[in-house]
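Novice: How does the following fold in three dimensions:
(one chain, ligands or ions: 1)
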Amino acid sequence: MKLAEAAAIVTGGASGLGRATAEALKAAGAQVTIFDLDAARGAEAAGQIGAGFVPVDVTDAGSVTGGIAAARASMGGLTALVNCAGIATGEKTVGREGPHGLESFARTVSINLTGSFNCLRLAAAAMAENAPNADGERGVVINTASVAAFEGQKGQTAYAASKAGVAGLSLPAARDLAGHGIRVNAIAPGLFLTPMLEGLGEEIVAGLAADVQFPKRLGRPEEFAALALHLIENPYINGTTVRIDGALRMP
Ligand SMILES: NC(=O)c1ccc[n+]([C@@H]2O[C@H](COP(=O)([O-])OP(=O)(O)OC[C@H]3O[C@@H](n4cnc5c(N)ncnc54)[C@H](O)[C@@H]3O)[C@@H](O)[C@H]2O)c1
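Specialist: This next block holds a predicted model:
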């Protein structure tokens with residue numbers, strides 16, 4: 001799909017990887033609408049980028065339905081969805097305070113996995129109404145998994161399970177939507193310098209970065225964005241999860 005002809009929603013676009021993707025899409029000539037729970041930062045980011053903004057909670061069916069209707073109306077259509085909204089959580093299966101909270105586990109899965117699927121299913125239903133382009137494409141969806149989907153660390157049962165779910169649904173969703181001409185892929189980032197990671201503190205971040213092979217540094221959000229744009233453009237990449245991690249394999 002040509003970027004200049006894309007009308008894209010980027011969830012979690014107020015910050016980090018989503019924001020960088022929204023900015024890169026806009027610079028490539030796409031129309032962009034940001035969805036984010038954080039209304040103040042979402043509106044600020046959209047203003048700076050020149051994108052639209054709708055305050056949306058990805059876990060809420062009504063909120064996403066309304067957001068998609070507003071985005072379609074303002075962009076005159078919807079051809080791409082990049083799911084970046086997510087939270088990072090850490091809690092041991094049995095910790096000092098006792099067993100892992102069930103609510104904290106469910107909340108992580110609700111935002112990272114169910115929230116991504118909620119946006120995917122509703123956006124795909126809208127895309128299915130598009131006229132196909134010259135390649136027969138009606139739309140493309142990109143989800144954000146994590147290398148934790150494959151190499152979750154201590155304290156990451158909830159986060160790793162949510163991201164393994166995101167990676168796992170790429171292929172069946174691509175199969176379900178093939179007849180509609182809609183592609184589905186996921187990106188599994190390693191360690192990227194965003195507010196999510198900055199929150200861990202310098203020492204922990206430096207420790208994590210030590211295992212990155214080359215380039216020996218954290219990823220830059222614009223490097224994630226470049227991959228997201230390629231997955232939108234390249235019609236033959238479908239039903240897969242692409243790692244972007246500087247050859248990092250977490251222990
Ligand atoms: N930064 C990394 O190293 C890294 C690595 C692997 C995977 N990821 C994944 O990439 C995605 C983006 O991460 P980031 O580092 O840019 O984080 P970030 O915290 O900078 O941005 C996440 C955004 O999602 C929004 N959000 C959270 N819950 C939401 C909800 N219910 N509805 C709508 N918006 C919501 C937040 O307000 C925030 O703006 C996440 O899914 C994260 O798990 C990040």
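
Novice: Please name the nearest non-neighbouring residue to the closest residue to the ligand within the stretch 51-200 of the chain.
Specialist: Evaluated by CB to the nearest ligand atom, the stretch 51-200 of the chain has residue 86 as its residue closest to the ligand, separated by 2.2 Å. Yep, even glycine has a C-beta here, placed from its N, CA and C like the rest. Closest residue in space to residue 86, ignoring its immediate chain neighbours: residue 112 at 4.7 Å, by CB to CB, 6 or more residues apart in numbering.

Novice: Surely the one you found and residue 163 touch.
Specialist: Yes. Residue 112 lies in contact with residue 163 (CB atoms under 8 Å); the separation is 6.5 Å.

Novice: Now the residue nearest to residue 213 when sequence neighbours are not counted: which helix or strand?
Specialist: Using CB to CB, 6+ apart and skipping residues adjacent in sequence, the residue nearest residue 213 is residue 247, 3.6 Å away. In the assignment (DSSP states H and E), residue 247 maps to no helix and no strand.

Novice: which residues does residue 247 contact?
Specialist: 212-214 (CB atoms under 8 Å, 6 or more residues apart in numbering).

Novice: What subset of those is buried?
Specialist: Buried by 16 or more other CB atoms under 10 Å: residue 212, out of those.

Novice: any idea which element residue 227 lies in?
Specialist: Secondary structure assignment for residue 227, by DSSP H and E: helix 221-233.

Novice: CA-only coordinates of that helix, as CSV, when you get a sec.
Specialist: The C-alpha coordinates for helix 221-233 follow below in CSV (Å, rounded to 0.1, in the frame of the first residue of the first chain):
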residue,chain,number,x,y,z
PRO,A,221,11.7,4.9,18.1
GLU,A,222,12.3,6.0,14.5
GLU,A,223,13.8,2.6,13.7
PHE,A,224,10.6,0.9,14.8
ALA,A,225,8.6,3.4,12.8
ALA,A,226,10.7,2.6,9.7
LEU,A,227,9.8,-1.1,10.0
ALA,A,228,6.1,-0.3,10.6
LEU,A,229,6.1,1.8,7.4
HIS,A,230,7.7,-1.0,5.4
LEU,A,231,5.1,-3.5,6.6
ILE,A,232,2.4,-1.1,5.4
GLU,A,233,4.1,-0.7,2.0
